[in-house]
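# Structural data only, the sequence is not supplied:
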Ligand SMILES: CCCCCCc1ccc(S(N)(=O)=O)cc1
Ligand SMILES: [Zn+2]
């Protein structure tokens, strides 16, 4: 069973976007859109913010697939086996999938920035509120429905945990290709320090752009090698049938206005 995220609606939703979709695609009255620049000196320390509590079961990993926008590693979210609690969250959230955003060069690629600093890529671990909702599709429409952990990637030493993922990518070069993928522990992609993060209320960064996300952006980045990132860029936006193949790069959204939102920090 595929994580409900990949129910036709998500494919339908994502396939509506042509790969170079970058447009503002403004959401009428959207004043909580993502991504944003995190202005460190304007963030407010909140001592009530707790450490993140992740409890991921590597066996709930199901498949990895190319959805024509990024590649997703999906988890069985029919039970509370892989969960996120704590941080800014009151409820328990279930891991549904993780994916990345990256650039055609190492000079850019992340969706969020810190004092305008760009990173070559950004990891998103997507969770939904299983205390309040019974399906991802429900939660995605609700104010407190989702929690996404953002982790910046920097080019440096090879990331051993990521390599298992990188080795599977050639098998899903084209849009809509899927391979079975099991036993992957997403915790290996988190930075050593997960206590220091910024958090703010925002949206999905791809359609349906719903303003249902509690964003948790890690202060500490992870390192991956140049070659590992190059394999990300070998993926294609296009399906095998299409005549013109387009490299899957620059799959990040343009930054959105903070609209007066405060970004809180869990650290001083
Ligand atoms: C009803 C189907 C909705 C599928 C929406 C899937 C989705 C998940 C996370 C993100 S992101 N980049 O904000 O983490 C974007 C889109
Ligand atoms: Zn994302």
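In hand now; what should we look at? Just so you know, these numbers come straight off a predicted model, no measurement behind them. Ligands and ions are numbered 1, 2, ... in the order given.
# So which residues of this structure form helices?
8-15, 136-139, 160-168, 226-232 (DSSP state H).
# who touches residue 213 in this structure?
34, 145, 146, 147, 148, 201, 202, 203, 204 (Cβ atoms under 8 Å, 6 or more residues apart in numbering). Every residue, glycine included, has its C-beta placed from N, CA and C.
# wait, residue 223 sits on residue 161?
No - here residue 223 does not reach residue 161: they are 11.3 Å apart, not a contact under Cβ atoms under 8 Å.
# hey, what's in contact with both of those two?
By Cβ under 8 Å, 6+ apart, no residue touches both residue 223 and residue 161.
# these two touch, right, residue 119 and residue 222?
No - counting by Cβ under 8 Å, residue 119 stays clear of residue 222, with 10.1 Å between them.
# list residues touching both of the two?
152, 153, 154.
# now those residues: which count as buried?
152, 153 (16 or more other Cβ atoms under 10 Å).
# Bridged to residue 236, which residues?
With DSSP bridges as the criterion, residue 236 is bridged to residue 247.
# Can you check the pLDDT for it?
Residue 236 is assigned 98 on the pLDDT scale.
# Could you number the chain from 768 rather than 1 from now on?
Got it, first residue is 768 now, which makes that one residue 1003.
# Pull the number of nearby residues for it.
21 (other Cβ atoms under 10 Å).
# how about it, what does it touch?
Residues near residue 1003 by Cβ under 8 Å, 6+ apart: 833, 940, 941, 942, 1012, 1013, 1014, 1015.
# how about these in TSV, adding distance to residue 981, pLDDT and neighbour count?
Below are the contacts of residue 1003 laid out as TSV (distance: Cβ to Cβ, whole Å; pLDDT from 0 to 100; neighbours: other Cβ atoms under 10 Å):
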residue	distance to residue 981	pLDDT	neighbour count
833	27	98	24
940	34	98	16
941	33	98	18
942	30	98	25
1012	37	97	14
1013	33	97	14
1014	32	98	14
1015	28	98	25
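# on that earlier part again, ok, residue 886 and residue 989, which is more surrounded?
The residue with more neighbours, out of residue 886 and residue 989, is residue 886; 23 against 20, by other Cβ under 10 Å.
# What separation is there between residue 819 and residue 892?
Using Cβ to Cβ, to the nearest Å, residue 819 is found at 10 Å from residue 892.
# just for the stretch 768-917 of the chain, where's the confidence low?
Counting by pLDDT under 70, the ranges of the stretch 768-917 of the chain that qualify are 768-796.
# quick one: the strands in the stretch 918-1035 of the chain?
Secondary structure of the stretch 918-1035 of the chain by DSSP state E, counting those that start in this stretch: the strands cover 945-947, 964-969, 980-985, 989-991, 1031-1032.
# Let's have those strands in TSV, adding mean pLDDT.
Output for the strands of the stretch 918-1035 of the chain, formatted as TSV (pLDDT from 0 to 100):
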stretch	mean pLDDT
strand 945-947	97
strand 964-969	98
strand 980-985	98
strand 989-991	98
strand 1031-1032	98
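# Which among those is found nearest to residue 1006?
Nearest to residue 1006, of all those, is strand 945-947, at 12.3 Å by Cβ to Cβ.
# That closest one pairs with which strands?
Strand 945-947 has its sheet partners listed here by DSSP bridges as strand 828-833 (antiparallel).
# Can you tell me what sits against the strand it pairs with?
768-770, 773, 838-843, 932, 935, 939-951, 1002-1003, 1015.
# What residues of stretch 1021-1031 count as buried?
Applying 16+ other Cβ under 10 Å to stretch 1021-1031 flags 1022, 1023, 1025, 1030, 1031 as buried.
# So the third one sits against residue 801, correct?
No - with contacts counted by Cβ under 8 Å, residue 1025 stays clear of residue 801, the gap being 10.1 Å.
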